[in-house]
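**Student:** could you look at this predicted model? Sequence included:
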Amino acid sequence: MSALTTFFRTPEIAETLRNVDSRALDRRVNDTPLPPDQVLLTERLRLAAIASFSEMLGTLTIDRWLRNGSPETMVAKEVAEECFADWQGFLNSLVEINGSPNPDDLLSFTVCGFLASKPHEVRDALRRLAYRQWVSGYRRSSRELPWLDRVRTHISLAVILMVRQDDRADIEEAGVALRELANFQRRIEAEWLDEQQDPRRDALVLLAFYHLAEAVIRISEFLLSGSVIKDGRAVIRAVFRQMQGLVR
């Protein structure tokens, strides 16, 4: 047990998680007001969810997952389920206070859900009204973010849309969001790098993000047409090997 577990594996957090849904139901049925400490409890749940996520992933890397071929064998199912429950509790509590998570929060929830083998629960949540409003807001607000944060937000948004897959438009919009990012890149990135204290470091971070973005675009192409475009040709086979090359 690491020091991180003291932030999420406690009786207080367990009780708070149990109370989230019951209190929400009580408010809907009996029109009871929010408890005065609901905002504070929501903040604690977010801290617990982040700590749980960090504990679950530890020192794992995407490269190790790809080499292994199956994320499920890298993370214990019960650990992933605990992490997913923490994120569910936080987001449910956030809905009650009319709050909004940042894109990293929603992406962490999505990742935990898939590692816990709960894709249907993830998609069901992402298709709810509050979650849709959050996702719609990310793209509008991203224009005001610093460049590095904007890149990360667009990639997170694209991944979330592909996971949601409410219809074909979600997958198409994921590709559009990243191509829109590429247009921004050509216009402002060189100037932005010149303004940074450590442009080499920031350039490497951006390169990693762009490889991830390209991987997402290839996946969206495959989901839409059953193939990806390579050297101007539609390729059906070896999609997984292409993903390995892009995210390593």
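**Tutor:** Structure's in. What do you need? Numbers count the residues shown, from 1 in each chain.

**Student:** quick one: buried residues of the helix or strand hosting residue 160?
**Tutor:** Assigned by DSSP states H and E, residue 160 belongs to helix 147-164. Within helix 147-164, the residues scored as buried using 16 or more other C-beta atoms under 10 Å are 147, 150-164. Using the backbone N, CA and C atoms, a C-beta is placed for each residue, glycine as well.

**Student:** nearest to residue 116 among those?
**Tutor:** Closest approach between the buried residues of helix 147-164 and residue 116, by C-beta to C-beta: residue 163, at 13.7 Å.

**Student:** now do the contacts for that closest one.
**Tutor:** Contact analysis of residue 163 by C-beta atoms under 8 Å, 6 or more residues apart in numbering lists 110, 114, 119, 122-123, 126.

**Student:** center of this protein - which residue?
**Tutor:** Among the residues of the chain, the one closest to the centroid is residue 107, at 0.9 Å (C-alpha atoms, centre = their mean).

**Student:** next up, the contacts around the closest residue to that one other than its chain neighbours.
**Tutor:** Closest residue to residue 107 apart from its sequence neighbours, by C-beta to C-beta, 6 or more residues apart in numbering: residue 156 at 4.5 Å. By C-beta under 8 Å, 6+ apart, the contact set of residue 156 is 103-104, 106-107, 138.

**Student:** gap between residue 156 and residue 137?
**Tutor:** Going from residue 156 to residue 137 by C-beta to C-beta, to the nearest Å gives 13 Å.

**Student:** for residue 95, same thing?
**Tutor:** 14 Å.

**Student:** ok, those two, which is more surrounded?
**Tutor:** The residue with more neighbours, out of residue 95 and residue 137, is residue 95; 20 against 12, by other C-beta atoms under 10 Å.

**Student:** list the contacts for that one?
**Tutor:** By C-beta under 8 Å, 6+ apart, the contact list for residue 95 reads 24, 130.

**Student:** what is the mean pLDDT for the helix or strand that contains it?
**Tutor:** Here residue 95, judged by DSSP H and E, is contained in helix 77-96. In this model, helix 77-96 has an average pLDDT of 92.

**Student:** what angle do the helix or strand following that helix and helix 147-164 make?
**Tutor:** Next helix or strand after helix 77-96 toward the C-terminus (DSSP H and E): helix 103-115. If you take axes from the mean of the first three to the mean of the last three C-alpha atoms, to 10 degrees, helix 103-115 sits at 40 degrees to helix 147-164.
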